[in-house]
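Visitor: let's see this in three dimensions:
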Amino acid sequence: MTVQQFADIAAQEMYREPGTDLDLVDALTRGRAVLGEGRYETLVCAGQVDGLPVLAFTAPWGMDDVQWVIPSAAYVRFLASGLLSAGAWDVEGVASYVAACPGAAGHWSTEAITDLLLDGGSTQ
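Guide: Here you go, the predicted model:
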């Protein structure tokens, strides 16, 4: 992804007009840049892969500062499928990890997530 593509995606998530460059200096040199107080207006550099920076945008508040929402089946499937495609874990490992994550814990079982990954089921 190019810098311009990242800037356009970030702008859309920040409810801004795409087409404006982002100042990435603080994110790249300090690891974090706060561009505003809204959702997805904080840039984070999580490190590098193959010499390229790994950038993400997130909210400026901490994870315990908001009420947790139970993730939908489609969201759980999307996240779990992404983790599975990375190849580090098998289906059971991914399902166990996701089932223990905040929001999913106590609502999604390892078995239900395994079903989502194996046959596209939608049960909780």
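
Visitor: what segments of this structure are strands?
Guide: With DSSP state E as the definition, the chain shows strands at residue ranges 32-34, 42-49, 52-58.

Visitor: same for the first one, what does it pack against?
Guide: The reference is to strand 32-34. Using 3 or more CB pairs under 8 Å, 6 or more residues apart in numbering; DSSP states H and E as the contact test, the elements touching strand 32-34 are helix 25-30, strand 42-49. Where C-beta positions appear, they are placed from N, C-alpha and C, glycine not excepted.

Visitor: which parts of it are buried?
Guide: residue 33 (16 or more other CB atoms under 10 Å).

Visitor: that strand: partners in the sheet, and parallel or antiparallel?
Guide: Neighbouring strands of strand 32-34 in its sheet, by DSSP bridges, are strand 42-49 (antiparallel).

Visitor: identify all contacting residues around the strand it pairs with.
Guide: Taking CB atoms under 8 Å, 6 or more residues apart in numbering as the criterion, the residues outside strand 42-49 that touch it are 10, 22, 24, 26-28, 31-35, 53-60.

Visitor: give me the buried subset of those residues.
Guide: 10, 22, 24, 27, 33, 35, 55, 57.

Visitor: now do the same contact list for the third one.
Guide: I take that to be residue 24. Shown in contact with residue 24 (CB under 8 Å, 6+ apart): 3, 33, 43, 55.

Visitor: what's the most distant pair in those residues?
Guide: With CB to CB as the measure, no two of these lie farther apart than 3 and 33, at 13.8 Å.

Visitor: could you list the low-confidence segments of the protein?
Guide: For the chain, the stretches flagged by pLDDT under 70 are 120-124.

Visitor: show me which helix runs longest in it.
Guide: helix 73-86 (DSSP state H).

Visitor: send the alpha carbons of that helix over as CSV?
Guide: These are the backbone C-alpha positions of helix 73-86, laid out as CSV (Å, rounded to 0.1, in the frame of the first residue of the first chain):
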residue,chain,number,x,y,z
ALA,A,73,-20.4,-13.6,13.5
ALA,A,74,-19.2,-11.8,10.4
TYR,A,75,-16.6,-9.8,12.3
VAL,A,76,-15.4,-12.9,14.3
ARG,A,77,-15.1,-14.8,11.0
PHE,A,78,-13.2,-11.9,9.3
LEU,A,79,-10.7,-11.6,12.2
ALA,A,80,-10.2,-15.3,12.7
SER,A,81,-9.8,-15.9,9.0
GLY,A,82,-7.1,-13.2,8.8
LEU,A,83,-5.2,-14.8,11.7
LEU,A,84,-5.5,-18.2,10.2
SER,A,85,-4.2,-17.0,6.8
ALA,A,86,-1.1,-15.7,8.5
